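Colleague: everything below, folded, please.
(one chain, ligands or ions: 2)
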Amino acid sequence: MIKTELNYGDVYLVPKKTVVDSRKECDTSVQFGPRRFAMPVYPSNMKSVVSAETCELFAREGWFYTLHRFNVDAVAFTRYMQEQGLFASISVGVNDDTYEQLDALKAAGLSPEYMTLDIANAWCVKAERMIKHIKQHFPDTFLIGGNVATAEAARDLEAWGCDAIKAGIAGGRVCITKNKTGFHRPMVSTVRDCVAAVKIPVIADGGIVEHGDIAKALVCGATMVMAGSLFAGYDESAGDIVEIAGKHYKEYFGSASQFNKGAYVNVEGKKILVEYKGSMGKLLRELQEDLQSSVSYAGGATLSALRDVEMIQVYR
Ligand SMILES: NC(=O)C1=CN([C@@H]2O[C@H](COP(=O)(O)OP(=O)(O)OC[C@H]3O[C@@H](n4cnc5c(N)ncnc54)[C@H](OP(=O)(O)O)[C@@H]3O)[C@@H](O)[C@H]2O)C=CC1
Ligand SMILES: Nc1nc2c(ncn2[C@@H]2O[C@H](COP(=O)(O)O)[C@@H](O)[C@H]2O)c(=O)[nH]1
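Modeller: Ligands and ions are numbered 1, 2, ... in the order given. So this is what the prediction gives:
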């Protein structure tokens, strides 16, 4: 029997009676780990999406962020952010270079507030070793483990010690994992299964096409949403700007692309050009307005209203 599963584009949310006088009354803030953030969405920890400067901007705006893990100095970044009175949120891998980076953080007496273990399939023995190592040596750090796509994987990462998990395999815009390996699960099914399986927060990662997909992810039970292409086209995005026939674009490439790896080995990502859209400030405001509107349609004044919304499948 072949199961049918759903993506954000296959579903819509059923409106309820609005109880606020203005969308401005709707509060989009979210508690995530030790801190509260202005919005439950943040940019992907990819080299073509965030730089250290992008991360600082998000932290100053009161949004969550995670720096990517490719050729960065985790010690210098953590120290810089904490000296500015901002929180430090870094990414790590599973290989020897990560163990060395963690030793260097420890030697410097630094402990980032948040760490994200970032590999394609975190339901693996190398991730298990790394998660246990981080929880032993950085007990005060809030550890996000990912990515996973099933209830069983989510439960294992929770048992290994993760404080949150990131769900979503092969649903990203620059992903070619599903083409090259055949593996993928649509996001609505992935997020709902993972949320139902664990007590810790779940981050829905990848596949956000429309702003309304963020509300759909929250209705599926996600606490946070990570998005790459959504944040890739702005001045503050990390990708290079490109001009073609008088039109401007920004480069957006996958972390498992040849461009990120520097070699064509186990490539599961591609590079695309996304429309250049100017300053990120406009996007952040619009995302907040749209989510405030979603909360009002959900019949409440806080994000918790989205926990109790009916989702319907649309046949096309
Ligand atoms: N969310 C998603 O759907 C996906 C995200 N990505 C992103 O791309 C980046 C690279 O990811 P990833 O390839 O996991 O990380 P790395 O290339 O950094 O691999 C980490 C380590 O795990 C090993 N490894 C990776 N995949 C497998 C596997 N299938 N079986 C056994 N060992 C494995 C690698 O060894 P070896 O290379 O020798 O196998 C390597 O030692 C990450 O940032 C990740 O988030 C990539 C694909 C999908
Ligand atoms: N299969 C791959 N997935 C990747 C790669 N680099 C990043 N990612 C994942 O995609 C999301 C962003 O998706 P978007 O739809 O919001 O653009 C990102 O957070 C990663 O989980 C890759 O090279 N291959």
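Colleague: return the residues of the stretch 1-150 of the chain in contact with ligand 2.
Modeller: Proximity of the stretch 1-150 of the chain to ligand 2 (C-beta under 6 Å from any ligand atom) is limited to residues 44, 46, 147. Just so you know, the C-beta spots here come from the backbone N, C-alpha and C atoms, and that holds for glycine as well.
Colleague: reformat the residues you listed as JSON lines; add secondary structure and distance to residue 3.
Modeller: Shown next, in JSON lines, are these (DSSP: H, G, I helix; E, B strand; the rest coil; distance: C-beta to C-beta, whole Å):
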{"residue": "44", "secondary structure": "coil", "distance to residue 3": "28"}
{"residue": "46", "secondary structure": "coil", "distance to residue 3": "30"}
{"residue": "147", "secondary structure": "strand", "distance to residue 3": "20"}
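Colleague: out of these, who's nearest ligand 2?
Modeller: Among those, residue 44 lies closest to ligand 2 (C-beta to the nearest ligand atom), at 3.3 Å.
Colleague: got a list of what the closest one touches?
Modeller: 50, 172, 205-206, 226-228, 231 (C-beta atoms under 8 Å, 6 or more residues apart in numbering).
Colleague: what about the strands in the stretch 201-316 of the chain?
Modeller: 202-205, 224-227, 241-244, 247-253, 271-275, 311-313 (DSSP state E, counting those that start in this stretch).
Colleague: among the ones you listed, which is the most enclosed?
Modeller: Neighbour counts (mean count of other C-beta atoms under 10 Å) averaged over each of the strands of the stretch 201-316 of the chain peak at strand 202-205, with a mean of 30.
Colleague: what is the neighbour count of residue 106?
Modeller: 13 (other C-beta atoms under 10 Å).
Colleague: what subset of the contacts of residue 44 is also close to ligand 1?
Modeller: Applying C-beta under 6 Å from any ligand atom, the subset of those adjacent to ligand 1 comprises 172, 206.
Colleague: circling back to that earlier point, could you dump the residues of the stretch 1-150 of the chain next to ligand 2 to JSON lines with distance to residue 274 and pLDDT?
Modeller: Converted to JSON lines, those look like this (distance: C-beta to C-beta, whole Å; pLDDT from 0 to 100):
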{"residue": "44", "distance to residue 274": "13", "pLDDT": "98"}
{"residue": "46", "distance to residue 274": "13", "pLDDT": "98"}
{"residue": "147", "distance to residue 274": "22", "pLDDT": "98"}
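Colleague: any chance of those in JSON lines, plus distance to ligand 1?
Modeller: Output for these, formatted as JSON lines (distance: C-beta to the nearest ligand atom, whole Å):
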{"residue": "44", "distance to ligand 1": "8"}
{"residue": "46", "distance to ligand 1": "7"}
{"residue": "147", "distance to ligand 1": "4"}
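Colleague: if we ignore the residues flanking it in sequence, what's nearest the closest residue to ligand 2 within the stretch 51-200 of the chain?
Modeller: Residue of the stretch 51-200 of the chain nearest ligand 2, by C-beta to the nearest ligand atom: residue 172 (2.4 Å). Distance criterion C-beta to C-beta, 6 or more residues apart in numbering; nearest residue to residue 172, sequence neighbours excluded, is residue 206 at 3.9 Å.
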